[in-house]
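> give me a 3D structure for the following:
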Amino acid sequence: MNLLLNQAIPVDHGGAVVDVVADIRPAGPDVVLLLHGLSSTKESFAGVVESPALAHLTTCAIDLPGHGRTAPLVTGPHTLEAYADVVIRVVARLAPLRLHVVGHGLGGAVGLIAAQGSTKGLVTFTSVEATLVGEDAGLVSRQIADLELEDFAVNEFHRFVDSLRSAPEADLRAWGDWTATCAPAAVHESSRSLVEWADSGKLLGWYRALPRAAHLYGALGDRAGHLVPLLDESTTFAIPDSGHFPMVDNPGALHSALAAIIGH
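Sure thing, here's the model as predicted:
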């Protein structure tokens, strides 16, 4: 089994150094970069990082600034554009021969924005319930975006964490634990930016323009009914017995799907 490394990847952003904390399983020149969702962390992809199905690839999950163990930005707000710039610089440090990007929710939108800049060697892009259209920016992100920062940070952030941690669903409880490690300002600012990008109409077009893009979504409920008809059926796959967090609900099926999409 390959050694799992936890390390900081220093990159420059806005004239300051950002130490991006990452879990990396080195396995060769091809890299799978895993980008977490709103108020989440790299731990949401822990099973993917260590998945035997991807053992032939280097896997790297990062904490975006203000999330998990990566400190908040000091040079500006936590927008998706700022996150995309950080991601581009992380990729440059990793220097992959071939790059495979996997983004969950907000992370998918960040990956698409980064792909418009410079993600050298990008071969595949996989959306895991990524935010592609306005309806994907759901109730949580819009409610947070509608609040003033002080109100959210002082009054609502801890209520949000507590409500998730007390939920009956395992994926929501895990989300609560991940959210608790985030900076309230980063969650608030990235929520506002996520809503703006979702409503911009750009993300879906960028996704469609990628030569090898795939969309994975949880089969439970009808959350994807608005989106699936807009996508190529041949590269759109439902993960059975899972909701918004297939990496929690059905990790085996998710890992198999990722391995099939990324290939060898």
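
> can I get the CA coordinates of the top helix by length along the chain in CSV?
Counting residues, the longest helix in the chain under DSSP state H turns out to be helix 184-200. The C-alpha trace of helix 184-200 is given here as CSV (Å, rounded to 0.1, in the frame of the first residue of the first chain):
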residue,chain,number,x,y,z
PRO,A,184,-17.4,31.4,9.1
ALA,A,185,-16.2,34.2,6.9
ALA,A,186,-14.9,31.7,4.3
VAL,A,187,-18.2,29.8,4.3
HIS,A,188,-20.2,33.0,4.0
GLU,A,189,-18.1,34.6,1.2
SER,A,190,-17.8,31.4,-0.8
SER,A,191,-21.6,30.9,-0.5
ARG,A,192,-22.2,34.3,-2.0
SER,A,193,-19.7,33.6,-4.7
LEU,A,194,-21.2,30.2,-5.4
VAL,A,195,-24.7,31.6,-5.9
GLU,A,196,-23.4,34.3,-8.2
TRP,A,197,-21.5,31.7,-10.4
ALA,A,198,-24.4,29.3,-10.4
ASP,A,199,-26.7,32.0,-11.6
SER,A,200,-24.2,33.3,-14.2
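
> avg pLDDT for it?
The average pLDDT within helix 184-200 is 98.

> and the helix or strand following it, what other elements does it pack with?
Next helix or strand after helix 184-200 toward the C-terminus (DSSP states H and E): helix 202-209. With contacts defined as 3 or more C-beta pairs under 8 Å, 6 or more residues apart in numbering; DSSP states H and E, helix 202-209 has these neighbours: helix 106-116. From N, CA and C alone the C-beta is placed, and that goes for glycine too.

> now do the helix it packs on: which elements does it pack against?
strand 30-35, helix 80-94, strand 98-104, strand 122-128, helix 184-200, helix 202-209.

> JSON lines please, covering the ones you listed and showing mean neighbour count and distance to residue 226.
Below are the helices and strands packed on helix 106-116 laid out as JSON lines (neighbours: other C-beta atoms under 10 Å; distance: least, C-beta to C-beta, whole Å):
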{"stretch": "strand 30-35", "mean neighbour count": "25", "distance to residue 226": "23"}
{"stretch": "helix 80-94", "mean neighbour count": "21", "distance to residue 226": "21"}
{"stretch": "strand 98-104", "mean neighbour count": "24", "distance to residue 226": "18"}
{"stretch": "strand 122-128", "mean neighbour count": "24", "distance to residue 226": "14"}
{"stretch": "helix 184-200", "mean neighbour count": "22", "distance to residue 226": "12"}
{"stretch": "helix 202-209", "mean neighbour count": "16", "distance to residue 226": "11"}
